[in-house]
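Colleague: What follows is a predicted protein model with its sequence.
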Amino acid sequence: MHSAGGNSTFFFVLWHKLEKKTKSLLNEYNVVHDVKEALLCMKELECPGYYPEIVKVIVNRTLESFKAKDVELAQKLLLAMRESLIVDVVLAKELNEAAEFMDDIKMDCPKAPKIFQDLAGFLLKIEGLIDPKHIKAETWKCANLEAPKRDDVDVLREHFETSKTRGEDLYDEITKIVDVVIPMKVLRAVLLSVSDSSSSSSDELLEKDEDDTNKFAPFADDQFGAMLMKCFDETSEDVQKAAVFELQRFCSEMKFPTGLCEAVFMTTQDEEILESSAFFAWAQDKTKSEIPGRLQARKETLAWLKWLEENDDDDDDDDSDSSDYLLSKYVHMNYQL
């Protein structure tokens with residue numbers, strides 16, 4: 001059994017060997033220009049965890065080079081590594097780091113900014129090679145490229161996953177990070193962030209209220225509910241109907257865990273995020289067959305929709321909500337027994 005000191009010595013020796021072999025294989029690659037052979041040598045290191053260090057070495061060596069041919073060789077090798085050995089985050093990290101320290105690098109290597117433009121510019125222009133969200137603004141600037149505008153859904157989704165703000169204050173936050181608050185994009189971003197942070201089990205997403213009614217927890221007023229209510233306030237019936245279809249899509253993507261769909265629909269209506277008419281319009285619409293989960297969602301919400309239709313016209317009973325529906329369902333079931 002290795003001691004703590006013995007372990008550190010072991011890893012130091014291993015790292016030194018990997019550095020030496022990496023230097024050797026890259027020197028050979030610069031001579032023979034054989035990408036496949038270089039990749040094979042990397043695999044023979046039998047240490048995938050060291051691949052990010054190889055990327056760093058390639059980038060740094062290229063920035064220190066004065067030969068255009070070296071830039072071309074680095075482009076080909078990094079492209080091949082991305083396609084078979086590394087994920088895009090690894091490549092993005094090293095490009096971001098090089099851009100961050102470019103002012104220091106160019107003091108020793110005056111041509112580094114131009115070399116970086118050629119190297120990074122080539123890689124960033126290849127569609128699908130690196131997700132733009134992993135590339136920092138400074139890196140785009142150093143590569144002499146304009147950063148692509150990210151879709152509002154991605155921007156909002158990322159914000160919801162990192163921000164601790166919830167409730168009505170969250171609405172004020174999103175008005176500062178997107179130019180125009182589009183309700184459907186906000187809803188889609190919320191549902192994506194919810195699905196990202198949960199499993200397909202409904203246990204994480206449902207909670208019982210004081211009436212023992214299942215509620216969709218993320219749509220509670222002190223979570224995303226208050227923000228969504230402000231987003232959809234005074235929107236048209238078509239927009240609200242489209243929102244119900246988005247709820248349907250979400251339940252389908254979650255694979256309809258027990259009780260989820262009914263709880264999502266009921267909570268959305270109870271929290272006054274969407275009006276009852278939106279659900280009726282959704283139920284009657286037959287034009288959105290391409291959105292998955294239609295039949296299952298109809299099946300799971302049919303009883304609730306029927307109850308909602310029977311009680312929606314009762315303007316004198318403002319306190320009627322889904323807990324009344326659950327009570328009526330319970331009484332009906334026991335009556336049948």
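Modeller: Arrived safely.

Colleague: among the helices and strands of this protein, which has the poorest mean pLDDT?
Modeller: Here the helix or strand of the chain ranked lowest by mean pLDDT, DSSP states H and E is helix 322-336, holding a mean of 44.

Colleague: heading toward the C-terminus, what's the first helix or strand past the longest helix seen in the chain?
Modeller: Determined from DSSP state H, the single longest helix within the chain is helix 4-32. Downstream of helix 4-32, the first helix or strand assigned by DSSP states H and E is helix 35-44.

Colleague: Could you check how far the helix or strand that that next one is followed by is from the centre of its chain?
Modeller: Next helix or strand after helix 35-44 toward the C-terminus (DSSP H and E): helix 51-63. Per Cα atoms, centre = their mean, to the nearest Å, the displacement of helix 51-63 from the mean C-alpha position of its chain is 28 Å.

Colleague: Could I get the buried residue list for helix 51-63?
Modeller: For helix 51-63, the buried set under the neighbour-count rule, 16 or more other Cβ atoms under 10 Å, comprises 51-55, 58-60, 62-63. For every residue, glycine as well, the C-beta is placed using N, CA and C.

Colleague: Specify the angle between it and helix 4-32 in degrees.
Modeller: 50 degrees (axes from the mean of the first three to the mean of the last three Cα atoms, to 10 degrees).

Colleague: list the helices and strands helix 51-63 packs on?
Modeller: Packing partners of helix 51-63 (3 or more Cβ pairs under 8 Å, 6 or more residues apart in numbering; DSSP states H and E): helix 4-32, helix 68-84, helix 88-100, helix 112-124.

Colleague: model confidence over the second one, on average?
Modeller: To tie it back to what came earlier, the one meant is helix 68-84. Per-region confidence: helix 68-84 scores 94 on mean pLDDT.

Colleague: And it, what's buried?
Modeller: Buried residues in helix 68-84, counted by 16+ other Cβ under 10 Å: 70-71, 73-75, 77-79, 81-82.

Colleague: Now those residues in JSON lines, please, with extra columns for distance to Ala226.
Modeller: Converted to JSON lines, the buried residues of helix 68-84 look like this (distance: Cβ to Cβ, whole Å):
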{"residue": "Asp70", "distance to Ala226": "57"}
{"residue": "Val71", "distance to Ala226": "53"}
{"residue": "Leu73", "distance to Ala226": "56"}
{"residue": "Ala74", "distance to Ala226": "51"}
{"residue": "Gln75", "distance to Ala226": "50"}
{"residue": "Leu77", "distance to Ala226": "52"}
{"residue": "Leu78", "distance to Ala226": "47"}
{"residue": "Leu79", "distance to Ala226": "47"}
{"residue": "Met81", "distance to Ala226": "47"}
{"residue": "Arg82", "distance to Ala226": "43"}
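
Colleague: Next one: Glu275 from Ile58, what distance?
Modeller: Distance of Glu275 to Ile58, computed by Cβ to Cβ, to the nearest Å: 58 Å.

Colleague: An error on my part: the question was meant for Ile126.
Modeller: Distance, Ile126 to Ile58, using Cβ to Cβ: 16 Å.

Colleague: Next: Leu91.
Modeller: 10 Å.

Colleague: again, but for Ile273
Modeller: 51 Å.

Colleague: rewinding a little: which residues do Leu91 and Ile58 both contact?
Modeller: Residues touching both Leu91 and Ile58 (Cβ atoms under 8 Å, 6 or more residues apart in numbering) are Leu78.

Colleague: quick revisit: helices or strands up against the longest helix of the chain?
Modeller: Contacts defined by 3+ Cβ pairs under 8 Å, 6+ apart place helix 4-32 against helix 35-44, helix 51-63, helix 68-84.

Colleague: and those as TSV, adding distance to Ala297?
Modeller: Shown next, in TSV, are the helices and strands packed on helix 4-32 (distance: least, Cβ to Cβ, whole Å):
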stretch	distance to Ala297
helix 35-44	48
helix 51-63	44
helix 68-84	40
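
Colleague: Figure out which of these is closest to Leu260.
Modeller: With Cβ to Cβ as the criterion, Leu260 lies closest to helix 68-84 of those, at 38.1 Å.
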